[in-house]
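> Fold the following.
(chains A and B)
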There are 2 protein chains.
Amino acid sequence: MIPVSAAKQHIQEQLQRGAVEWIPLEEALDRVLAESLSSAVQVPHFDNSAMDGYAFHFDSWKGQPLQIVGEVAAGDAAAELCAPGTAVRIFTGAKVPNGADTVVMQEKTRVEGGLLFVEDALLKQGGNVRLAGSQTRVGQKVADACTPLTAPMIGFLASLGIASVPVFAQPKVAIIVTGNEIVPPGQPLLDGQVYECNSFSLRAAFQKMGVFPTVQRCEDNPDAIAKAIGEALAVCDLLILTGGVSVGDYDFVIPALQQLQVQQVFHKVKQKPAKPLYFGVHNQTIVFGLPGNPASVLTSYYVYVAPWLRHYQGGEAWPVHTAQFVGSHASKPGLTRFLKGNWDGQKVQLTEGQESYRMDGFAVSNCIIELPEDCAEVSDSDRVNIIPF
Amino acid sequence: MIPVSAAKQHIQEQLQRGAVEWIPLEEALDRVLAESLSSAVQVPHFDNSAMDGYAFHFDSWKGQPLQIVGEVAAGDAAAELCAPGTAVRIFTGAKVPNGADTVVMQEKTRVEGGLLFVEDALLKQGGNVRLAGSQTRVGQKVADACTPLTAPMIGFLASLGIASVPVFAQPKVAIIVTGNEIVPPGQPLLDGQVYECNSFSLRAAFQKMGVFPTVQRCEDNPDAIAKAIGEALAVCDLLILTGGVSVGDYDFVIPALQQLQVQQVFHKVKQKPAKPLYFGVHNQTIVFGLPGNPASVLTSYYVYVAPWLRHYQGGEAWPVHTAQFVGSHASKPGLTRFLKGNWDGQKVQLTEGQESYRMDGFAVSNCIIELPEDCAEVSDSDRVNIIPF
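The predicted structure is shown next:
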């Protein structure tokens, strides 16, 4: 049995990054750039007008009325030439014609007999013109590797004409839930049976990270479990098993993993819940064996699986959050305790229903509180480490 | 031109909720319950063992060795009867047999000649037994309407055997981006053209809320715009237009909306960016006309569209967040200012590139800072309202 810190360290040593894949920009939300990106164009692409108004050449104007000689709208190629003494009607986003360098907004003009009177005493050369390249130059680096693709970032990349992006591939994930007693929701329960919920909570937790795992239910039978694990190892990057990882007479997962030459990194952690947690490696595939109690499964996911997954996806390590504890809680020292909590951004309190078989408390929690091994008691206003989810 | 507070109020008055629809639990992540749910089963479904060990009847035990008469594993129907003087081998999660009420963990026993010696001085009646219904009773309300379906909540509902859930339907959303100058990313730019990014940022922002809009690009042509709007109005709950909502010679969106009898609620707001913002209603369809500058579009989305959408989906109003401003910023009073910022959870500072045509600053922001109409200056350590995204 190893301490939680050692378990976390072992997982750190098995971090991987997804392969680089190019995907269409419109499918890239919440993915992470695997390479830096540079712009192939300058933005603005050309000098353009920030206003509806009139474009002219400032220095040769000298306050005299200007002859209106044409018009250029957004999207026009702007073949017009704006000679001294003339002005061109222009609209927002339109290309400033050759010869012009300044735009007066239409509200500050008067037009009489085809002549434009500029009535803007504060106007300066270059006024209301967005200069080509003033935001982004050709070849400029616009995003570093490991940049998360948020909605604004996707909009920005689109504005540079970027239609596809290199991102870290998502891992292939398989979930195998084991147990003779488990029955899918929606079916009647026979005597001694319980509803299987681990694949539901796990699948949702993975989906929240953009990953869609395969799910298989498997009874407590050594051959069936070994077959399911063997098939999963052949195709997935990350294999999650639930149940059967203790050393009871019906715990067939660990022997099956041994038989399949999965290399055990650790088994059993000084923690509650999820003491019998297993972690192993098989070629490039990472294997977590999670104790089957529903709260143990999801706690293990947030504490151990999610950080591994986040790194695979190119994300940064989650910062350690701390919060001010409200209430008090005593527990026997010797095991790291993971408790379900409700965090309001500053303070955190325990939710009802902390037992590892209970999901009612977990359902209304939004974080896990981590109390260190040597902690016998936590009191009002103590600062505690939390893992928000 | 109306103030921002009035614009927000008008939108509040047009809030809707999605219809109730039943969907499979495994598709329900991040949806919101439209009705409260009660449990059809009790949890645990039956008295069961929290340990691998032996079950027996505590009161008739009296410290004597017990005859081991059978075994019950998780999932077994547990037909065994545990008479006085006998014990039944039992495994975690298995049903406690009739006649037994207590479990001793196997580590605290000794077995000799088929007799069980219980060696646990601290054991009490009911020890290591999870009582039927101790978490959830039959008929008990387990979730209120408007509960968000997080991963733990989905796991909890699955554990109650709930296979489908009533949720608020997602709105059908159509996006129409207008402009003669816009070209999809990936194509070459001709003179005067710019890359179209508004559909990319908007689509991603909607996807972040679980909504997958249709997208159409439309040139600045009154008939084409009217046709596109008419078709969208016929099928969608929410229509977003970008560009063409000013009063320039090429702004055809407002006349098209009038022609199609969309009822204007407001047009033009005392704000920067996105002054020409339009909001209207047509039967049950909500119409936002967003000024076409990329940063105006996304700012309008976060300030006005997202709160409407969130309510439709059954979510609570976003709380007003405040943060401590770092740096200083001056602006002419008279317009509410929405600025792009970087918020670390406590402090916020402006990002570079605040102009409404620029997306580079937006791309590295994580919130919008809202400075009120009468604010001429904001200084270091002032508290400001922010909208995190």
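> Going by C-alpha atoms from here, please, whenever you check contacts or count neighbours.
Will do.
> okay, now the nearest residue to residue A:230 once chain neighbours are set aside: neighbour count?
Nearest residue to residue A:230, sequence neighbours excluded (C-alpha to C-alpha, 6 or more residues apart in numbering or on different chains): residue A:260, at 6.9 Å. Neighbours of residue A:260 under the rule other C-alpha atoms under 10 Å in any protein chain shown: 15.
> Make sure residue A:260 is actually in contact with residue A:225.
No - when contacts are counted by C-alpha atoms under 8 Å, residue A:260 is not listed as touching residue A:225 (10.9 Å).
> What residues are bridge-paired with residue A:338?
Residue A:338 has the following beta-bridge partners by DSSP bridges: residue A:370.
> My guess is it contacts residue A:299. True?
Yes - Residue A:338 lies in contact with residue A:299 (C-alpha under 8 Å); the separation is 7.3 Å.
> okay, and the common contacts of those two?
Shared contacts of residue A:338 and residue A:299, defined by C-alpha atoms under 8 Å, 6 or more residues apart in numbering or on different chains, are found at A:273, A:368.
> tell me the phi and psi of the residue in the stretch 1-150 of chain A positioned nearest to chain B?
Using C-alpha to the nearest C-alpha, the closest approach of the stretch 1-150 of chain A to chain B is made by residue A:75 at 3.4 Å. Main-chain dihedrals, residue A:75, degrees, to the nearest 10: phi 90, psi -20.
> where along the stretch 251-389 of chain A do the helices fall?
For the stretch 251-389 of chain A, applying DSSP state H, counting those that start in this stretch gives helices covering A:253-259, A:294-300, A:306-312, A:360-363.
> Chain B: which of these is closest?
Among these, the nearest to chain B by C-alpha to the nearest C-alpha is helix A:360-363 (4.1 Å).
> quick one: contacts of that closest one?
A:295, A:340, A:351-354, B:135, B:150-156.
> Next: stretch A:377-389.
Residues from elsewhere that reach stretch A:377-389 (C-alpha under 8 Å, 6+ apart): A:302-303, A:320-331, A:343, A:366-371.
> now residue A:371, nearest residue through space, not along the chain?
residue A:337 (5.0 Å).
> Only the buried subset of the contacts of stretch A:377-389, as a PyMOL command please.
Command for PyMOL, covering only those of those found buried under the criterion 16 or more other C-alpha atoms under 10 Å in any protein chain shown:
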select buried, chain A and resi 302+303+322+323+324+325+326+343+366+367+368+369+370+371
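> And the residue of the stretch 201-350 of chain A that's closest to chain B?
For the stretch 201-350 of chain A, C-alpha to the nearest C-alpha, closest residue to chain B: residue A:201, 4.2 Å.
> and that residue, what pLDDT?
As predicted, residue A:201 sits at a pLDDT of 98.
> any idea which helix is longest in chain A?
helix A:222-235 (DSSP state H).
> Report the separation between the spatially closest residue to the residue of the stretch 201-350 of chain A closest to chain B that is not a sequence neighbour and residue B:139.
Spatial nearest neighbour of residue A:201, excluding adjacent residues (C-alpha to C-alpha, 6+ apart): residue B:155 at 4.2 Å. Distance from residue B:155 to residue B:139, counting by C-alpha to C-alpha, to the nearest Å: 19 Å.
> Check residue A:46 too.
According to C-alpha to C-alpha, residue A:46 and residue B:139 sit 68 Å apart.
> So between the two, which is more surrounded?
Higher neighbour count among residue A:46 and residue B:139: residue A:46, with 20 against 12, using other C-alpha under 10 Å.
> wait, isn't residue A:163 in contact with residue B:188?
No - Residue A:163 is beyond contact range of residue B:188, at 11.5 Å (criterion: C-alpha under 8 Å).
> Pull the number of nearby residues for the nearest residue to residue A:144 once chain neighbours are set aside.
Closest residue to residue A:144 apart from its sequence neighbours, by C-alpha to C-alpha, 6+ apart: residue A:36 at 4.2 Å. Using other C-alpha under 10 Å, residue A:36 is surrounded by 14 other residues.
> same deal with residue A:55?
Residue A:55 - counted by other C-alpha under 10 Å - has 33 other residues nearby.
> Go ahead and confirm it touches residue A:84.
No - look at residue A:55 against residue A:84 with C-alpha under 8 Å: they stay out of range, at 11.2 Å.
> Residue of the stretch 101-250 of chain A closest to chain B, please.
Counting by C-alpha to the nearest C-alpha, the stretch 101-250 of chain A gets nearest to chain B through residue A:181 (3.4 Å).
> Tell me if I'm right that that residue and residue B:75 touch.
Yes - contact criterion C-alpha under 8 Å: residue A:181 and residue B:75 qualify, at 3.4 Å.
> Now do the shared contacts for these two.
Common neighbours of residue A:181 and residue B:75 (criterion: C-alpha under 8 Å, 6+ apart): A:192-194.
> residues from the stretch 251-389 of chain A in reach of chain B?
Neighbours of chain B within the stretch 251-389 of chain A, by C-alpha under 8 Å from any C-alpha of the partner chain: A:294, A:298, A:353, A:358-360, A:362-365.
> 7 Å instead?
A:358-360, A:362-363 (C-alpha under 7 Å from any C-alpha of the partner chain).
> one step back: buried subset of the contacts of helix A:360-363?
Neighbour-count burial (16+ other C-alpha under 10 Å) is assigned, among those, to A:295, A:340, A:351, A:353-354, B:135, B:150-156.
> In CSV, list those along with pLDDT.
Shown next, in CSV, are the buried ones among the contacts of helix A:360-363 (pLDDT from 0 to 100):
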residue, pLDDT
A:295, 96
A:340, 97
A:351, 96
A:353, 89
A:354, 91
B:135, 93
B:150, 98
B:151, 98
B:152, 98
B:153, 98
B:154, 98
B:155, 98
B:156, 98
